[in-house]
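Engineer: model the structure of this input:
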Amino acid sequence: MDNNYDIVIVGAGASGVFASYEFTKLDIDAKILMIDMGNPIEKRICPIKAGKVEKCISCVPCNIMSGFGGAGTLSDGKYNITNNFGGDLHNFVGDEKAIELMEYVDSVLCKFDEGDSKLFTTASSNLKTLALQNNLHLLDAKVRHFGTDRNIEILKKICKYIEPKIDMIWRTTVETVKRTETGFTIITNKGQEYHCKDLILSAGRSGSKWISTICEQENINLQSNKVDIGVRIEIPAEVFKHITDQVYESKIVYQTEKYNDLVRTFCMNPYGEVVAENTNGVITVNGHAYSDPKLQSENTNFALLVSNTFTEPFRDSNEYGESIARLSNMLGGGVLLQRFGDLIKGRRSDERRMKKCFTRPTLKATPGDLSLVIPKRQLDDIIEMIYALDKIAPGMANEDTLLYGVEVKFYNSKVEVNENLETSVKGMYCVGDGSGVTHSLSQASASGVHIARILNGKY
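Structural biologist: Residues are numbered from 1 along each chain as shown. Sure thing, here's the model as predicted:
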């Protein structure tokens, strides 16, 4: 293989995939390579889902987090078209342009989809009024849901579409990036060297530490960011059916009375399942949902997250989140599970109590006590939010509501980039969730399209 390229893309997540798609569609006159630490999409099979094991065994690489499509591949295939959450892309390209890019991404996904996906919207929903009447705030968005099953098939087709144009290397980590007179040299863990004129860093959230290292090496400014800490809730689907039938993904924000902290719902999965995922060796929890009724469960799951933003002298917000997740891993060997009734009564959940639980968990987790893991302030916030949600969804605060912990959303320190998403190092671009600019599938994908169009004008 000739190791000289015009463009190298590090990371095959949503931004890298959509940059590759747009390069292919535009038939750019450039030689392009995409490198990822994970597997090609057809080999991305979690051993838990395959029925080989019951709990996360910390596969390297983690097939849920890494590989073609990134963490979004095996997610529930939910794309939020909005500037109200999911990142700050609009601050770089403008409000209208950001929405236009996300709607373009939506059109591409629908083109490769053989099903009949539904586009939900909060605009005409009476849920917004109901939420306001109970001191809750529903954020506006359009939501396209494909489901994990169809999302995988869509990405397989996109992969096949770009294969003739984009060289792809798997199970390979980029260890070092060096500037040269003509561009960059990329050195991998396998001792290979690749040379390029333009470099796109699209390593996603799981590559946030690596991107920070590259930026510090190249004196690129980084702005300290936040970390979200919380739990994944699992309830009978009927409790939230009147909400999910209307808007599917309801982003509800609540300001607690006790601390004035913001708590939000995140990643709602009607009739879905709870899953474990491995981020940098730390096992956390997430959720998926399917479009095929045969694959659906009797439960709905979603996260309740508390935002934590730190001031000087502390800067490593991700390490704070990881340390809390490690406590859960230490006590439970992975994910901890607790009934809400047990949490309120100040007792741990155990196997005996779980056998009496009417809500059947979709993830094999260790019954335990989340109060030994999650700091009091965040746990108080979560409990207050559960009681607030119970006012618009009676049954939310039932004793058998399940809490899985911990769920942590890591954000990369925000990389300083211009409107073209180019860093202060000429020819080095940073896109997707790893840049800190985006925090969602739609915005990450849109940033990939944007950078591809920028570079297309260069070649």
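Engineer: hey, where'd the helices end up in the stretch 251-400 of the chain?
Structural biologist: Applying DSSP state H, counting those that start in this stretch to the stretch 251-400 of the chain gives helices spanning 317-332, 340-344, 351-355, 376-390.
Engineer: figure out which of these is closest to Glu249.
Structural biologist: Nearest of the helices of the stretch 251-400 of the chain to Glu249, taken as CB to CB: helix 376-390 at 15.0 Å. All C-beta atoms are positioned from the backbone trio N, CA, C, and that covers glycine.
Engineer: about what we covered before: now render the helices of the stretch 251-400 of the chain as JSON lines, adding mean pLDDT and mean neighbour count.
Structural biologist: Formatted as JSON lines, the helices of the stretch 251-400 of the chain follow (pLDDT from 0 to 100; neighbours: other CB atoms under 10 Å):
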{"stretch": "helix 317-332", "mean pLDDT": "86", "mean neighbour count": "19"}
{"stretch": "helix 340-344", "mean pLDDT": "98", "mean neighbour count": "20"}
{"stretch": "helix 351-355", "mean pLDDT": "95", "mean neighbour count": "12"}
{"stretch": "helix 376-390", "mean pLDDT": "97", "mean neighbour count": "20"}
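Engineer: between those helices, which one is nearest to Gly368?
Structural biologist: Gly368 lies closest to helix 317-332 among those, at 5.1 Å (CB to CB).
Engineer: circling back to that earlier point, is it possible to export the helices of the stretch 251-400 of the chain to JSON lines including distance to Asp36?
Structural biologist: Below are those laid out as JSON lines (distance: least, CB to CB, whole Å):
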{"stretch": "helix 317-332", "distance to Asp36": "21"}
{"stretch": "helix 340-344", "distance to Asp36": "39"}
{"stretch": "helix 351-355", "distance to Asp36": "38"}
{"stretch": "helix 376-390", "distance to Asp36": "33"}
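Engineer: for stretch 408-421, what is the distance to the chain centroid?
Structural biologist: 14 Å (CA atoms, centre = their mean, to the nearest Å).
Engineer: and it, what's buried?
Structural biologist: Val408, Lys409, Phe410, Tyr411, Asn412, Ser413, Lys414, Val415, Val417, Leu421 (16 or more other CB atoms under 10 Å).
Engineer: could you pull up the mean pLDDT of that stretch?
Structural biologist: For stretch 408-421, mean pLDDT rounds to 84.
Engineer: for Ile28, which of the helices of the stretch 251-400 of the chain is the nearest?
Structural biologist: Judged by CB to CB, the one of these that comes nearest to Ile28 is helix 317-332, at 34.5 Å.
Engineer: list of residues touching the closest one?
Structural biologist: 208-209, 224-229, 279-280, 282-284, 308-310, 314, 334-336, 365-366, 368, 370, 372-375, 405-406, 408-412 (CB atoms under 8 Å, 6 or more residues apart in numbering).
Engineer: now swap in stretch 185-194 and tell me
Structural biologist: 3-5, 8, 10, 33, 35, 172-178, 195-196, 199.
Engineer: tell me the domain ranges of the chain?
Structural biologist: The chain breaks down into these domains under automatic domain parsing: 7-120+142-223+414-456, 227-410.
Engineer: buried subset of the contacts of stretch 185-194?
Structural biologist: Tyr5, Val8, Val10, Leu33, Ile35, Thr172, Thr173, Val174, Val177, His195, Cys196, Leu199.
Engineer: does the second one sit in a helix, a strand or a coil?
Structural biologist: Assigned by DSSP: H, G, I helix; E, B strand; the rest coil, the conformation of Val8 is strand.
Engineer: of all the domains of the chain, which lies closest to Asn134?
Structural biologist: Counting by CB to CB, Asn134 lies closest to domain 227-410 out of those; the figure is 4.4 Å.
Engineer: how long is the closest one end to end?
Structural biologist: With CA to CA, to the nearest Å as the measure, domain 227-410 spans 5 Å from end to end.
Engineer: please begin residue numbering at 24 from this point
Structural biologist: Shifting the count to begin at 24 puts that one at domain 250-433.
Engineer: which residues of the stretch 274-423 of the chain fall in strands?
Structural biologist: Ranges of strands in the stretch 274-423 of the chain, per DSSP state E, counting those that start in this stretch, are 275-278, 285-292, 296-302, 305-311, 322-331, 359-362, 389-390.
Engineer: how far does the last one sit from the chain's center?
Structural biologist: Yep, that's strand 389-390 we're talking about. In terms of CA atoms, centre = their mean, the centre of strand 389-390 is found 25 Å from the chain centre.
Engineer: again with the fourth one
Structural biologist: Relative to its chain's centre, strand 305-311 lies at 10 Å (CA atoms, centre = their mean).
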